[in-house]
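need a structure here:
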Amino acid sequence: MLHTAAFVALLAAVPSFIVPVTASSKRGLVFTPNATSRADDDIWVKKPTTLTWYYNYKSDPEPTYADIPQSEFEFVPMLWGAPPTLDDTSFLSNVTSLMDKGVNITNVLSFNEPDGPFAWGGSNMQPSAAAKVWVKNMIPLQEKGVRVGLPACTGGSTGLPWLRNFLSECSKLISTDEETRNCTYDFVTIHWYGNFEGLASHMGQYSAAFPNKTMWITEYNLANEDLAATQSFYNMSAEYFDRLDFVGRYSLFGAFRSDVSNVGPNGAMLSNNGSLTDIGAWYLGRPATGIKPTQGSSGSSGFRSLPQGGLAVLTALLAVAAFL
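So this is what the prediction gives:
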């Protein structure tokens, strides 16, 4: 149920007029390469760029960005889903190895949409299983001073119940008969693929459920809408995130060409031929290009995996219901 006071407070921060936003140190890259257009990978780090961090759904950094210091373009490892066995500590080993090599890992992301099925890109994990993997991999990293984010659930109604069950199961694993302990986390992680009102409502729910916690919005976009609506959503949401102190970071799901986009062509930051669209340019802190997303053609093939593709319409409907 939406916490009304939190939602009202969030909406109070919405500007009365919208202009294209420029630079922000909060802004990052959801790295989703396409084998037929790998030259596009360099676009996101060519100056001028406002991007300061990235993740790639893996525990290993991208070779494309290997020569860029963490202080300039921070790699954030992710434990995407369940390992082969629940006592597997490969993620912990990989991240620890990076740190031993001098890579300054300060943040990690955990399970990608564990409340969602594999068919929609979710990691499809039971809270009890996720808790066991967390205890083996995340708590040792926390003990090394690494900041850990809560799992990034879908924007649907299953997300918050899943997280509550996960935290309960995690607490059981580390508690004893003599002492009750809670699993801790440093920030909450949000995904959203609906309209702006729904996004603000969703953030309000998370504010109520996890008070006084920083938010990272690591996947978001307005899926399958016309260009004007998509641009308006981008500018409203980016301006909103930049002004809210409790939003630590955000990353738009759209760093790919429009002809392989799973969020509709207008949600992509690159046109068919790999040129920056207005949204792509704004996201990098540059002036608008005037290039339409569908401009040109390319030989790109294969669609980006949209982890919440099947829920895009559902989340929009849920947003309207919550807003009323």
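
how about the helices in the stretch 1-150 of the chain?
4-12, 90-100, 127-143 (DSSP state H, counting those that start in this stretch).

worst average pLDDT in those helices?
Mean pLDDT per stretch puts helix 4-12 lowest among the helices of the stretch 1-150 of the chain, at a mean of 43.

picking that back up, for residue 282, which of the helices of the stretch 1-150 of the chain is the nearest?
Closest approach to residue 282 among the helices of the stretch 1-150 of the chain (Cβ to Cβ): helix 4-12, 22.3 Å. In short, each C-beta sits where N, CA and C put it, glycine included.

so where does the residue nearest to the spatial centre of the chain fall, helix or strand?
What sits nearest the mean C-alpha location of the chain, by Cα atoms, centre = their mean, is residue 218, with 1.3 Å. Under the criterion of DSSP states H and E, residue 218 resides in strand 214-220.

and that strand, which strands flank it?
Using DSSP bridges, the strands paired with strand 214-220 are strand 187-192 (parallel), strand 247-250 (parallel).

with mean pLDDT, mean neighbour count and distance to residue 208 as extra columns, can I get these in CSV?
Formatted as CSV, the strands paired with strand 214-220 follow (pLDDT from 0 to 100; neighbours: other Cβ atoms under 10 Å; distance: least, Cβ to Cβ, whole Å):
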stretch, mean pLDDT, mean neighbour count, distance to residue 208
strand 187-192, 98, 24, 11
strand 247-250, 98, 21, 16
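
export those strands as a markdown table, with columns for distance to residue 181.
Output for the strands paired with strand 214-220, formatted as a markdown table (distance: least, Cβ to Cβ, whole Å):
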| stretch | distance to residue 181 |
| --- | --- |
| strand 187-192 | 20 |
| strand 247-250 | 25 |
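
from residue 133, how far out is residue 80?
11 Å (Cβ to Cβ, to the nearest Å).

quick one, which of those two is more surrounded?
residue 133 (24 against 20; other Cβ atoms under 10 Å).

spit out the contact partners of that one.
79, 82, 83, 86, 88, 111, 125 (Cβ atoms under 8 Å, 6 or more residues apart in numbering).

touching the strand holding residue 218 from outside, list them.
By Cβ under 8 Å, 6+ apart, strand 214-220 touches 28, 30, 55, 109, 149, 152, 186-193, 199, 203, 206-207, 237, 241, 246-253, 307-308.

related to what we said a few turns ago, quick check: which of the helices of the stretch 1-150 of the chain is buried the most?
helix 127-143 (a mean of 19; mean count of other Cβ atoms under 10 Å).

could I get it in PDB with only the CA atoms?
Taking Å, rounded to 0.1, in the frame of the first residue of the first chain, the C-alpha atoms of helix 127-143 are listed here in PDB:
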ATOM      1  CA  PRO A 127      13.900 -15.600  -0.900                       C
ATOM      2  CA  SER A 128      15.300 -18.500   1.200                       C
ATOM      3  CA  ALA A 129      17.800 -19.500  -1.500                       C
ATOM      4  CA  ALA A 130      18.800 -15.900  -2.100                       C
ATOM      5  CA  ALA A 131      19.400 -15.400   1.600                       C
ATOM      6  CA  LYS A 132      21.800 -18.300   1.700                       C
ATOM      7  CA  VAL A 133      23.800 -17.000  -1.300                       C
ATOM      8  CA  TRP A 134      23.800 -13.500   0.300                       C
ATOM      9  CA  VAL A 135      25.200 -14.700   3.600                       C
ATOM     10  CA  LYS A 136      28.000 -16.600   1.800                       C
ATOM     11  CA  ASN A 137      29.000 -13.800  -0.600                       C
ATOM     12  CA  MET A 138      27.700 -10.400   0.500                       C
ATOM     13  CA  ILE A 139      28.400 -10.400   4.300                       C
ATOM     14  CA  PRO A 140      32.100 -11.100   3.800                       C
ATOM     15  CA  LEU A 141      32.300  -8.200   1.400                       C
ATOM     16  CA  GLN A 142      30.500  -5.900   3.800                       C
ATOM     17  CA  GLU A 143      33.100  -6.900   6.400                       C
END
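
what are the boundaries of the strands in the chain?
28-30, 53-55, 74-75, 107-108, 147-148, 187-192, 214-220, 247-250 (DSSP state E).

out of the ones you listed, which gets nearest to residue 291?
strand 28-30 (19.6 Å).

list the neighbouring strands of that closest one plus their orientation.
Partners of strand 28-30 in the sheet, by DSSP bridges, are strand 53-55 (parallel).

one step back: the residue nearest to the centre of the chain and residue 107, how far apart?
When residue 218 is compared with residue 107 (using Cβ to Cβ), they lie 11 Å apart.

one more: residue 276?
Counting by Cβ to Cβ, the separation of residue 276 from residue 107 is 27 Å.

what of residue 253?
19 Å.

neighbour count for these two, which is higher?
Shown here are residue 253 and residue 107; by other Cβ under 10 Å, residue 253 has more neighbours (26 against 20).
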